[in-house]
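>>> Sequence below, structure please.
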Amino acid sequence: SPNHGWNCRVAAVSLRALERWCTATDLSLPQIKHICAKHQVNFVSIISDALYSDSDLVVEAMAELLDVCIPVDSEHIVSKERMTQARYIMEVDEDAFRSISPGDLYRIEAKEMEAVLGELVIAVGL
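Numbering: from 1, shown residues only. The predicted structure follows:
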C-alpha cells in the first residue's frame, strides 16, 4: 500500500538520522538505550520492530546503525566525547565522574552491550 511505502521511508530516514547522530557524537548502543529510557522510549522494542521490517531500506538503515553502535574490536578506545556523553547520561558532576576511567567505561559498556544484544535476540525470537 502507499502508506506502507511511506512508513518504511520515514522509518529508514529516522534510523539513518540516528546513525548519523551516533557517528557524530560517538554514542554506543547502551548509551542510546539509556537516553531513550529517560524519555520513556523502549529502544529495544523499536529496534526489534525495525528488524522485522520487509523493507530493504529499513533493514539496511538498521544494519548501518548497528554497525556504528556496536564496536567489533576489543581494543575500542573510549573517546573523550563518549566519556562526556556518559557523564551527562549518568547525571553526575565532573568531580564525581573523575573516578571513572575510559577503561572502566569500556568494561561497563561491554557488559551493558551484552545485555542489550541479549534483549534484542529475545525480542526478535532468534
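
>>> Please tell me how far the spatially most central residue of the chain sits from residue 94.
Residue closest to the average C-alpha location in the chain (C-alpha atoms, centre = their mean): residue 29, at 2.7 Å. According to C-beta to C-beta, to the nearest Å, residue 29 stands 25 Å off from residue 94. Heads up, the C-betas are built off the backbone N, CA and C, glycines and all.

>>> which outside residues touch stretch 12-32?
Residues outside stretch 12-32 that contact it (C-beta atoms under 8 Å, 6 or more residues apart in numbering): 35, 43, 50, 55, 57-58, 60-62, 64-66, 68-71, 79, 81-82, 85-86, 89, 109, 112-113, 115-117.

>>> before we move on, the earlier item: burial of the residue lying closest to the residue nearest to the centre of the chain once chain neighbours are set aside, as a residue count?
Once flanking residues are discounted, residue 29 sits nearest to residue 69: 4.2 Å by C-beta to C-beta, 6 or more residues apart in numbering. By other C-beta atoms under 10 Å, the residues close to residue 69 number 22.

>>> Give the next helix or strand downstream of the host helix or strand of residue 16.
Under the criterion of DSSP states H and E, residue 16 resides in helix 2-25. Toward the C-terminus, helix 2-25 is succeeded by helix 29-38 as the next helix or strand (DSSP H and E).

>>> Perfect, I'm done here.
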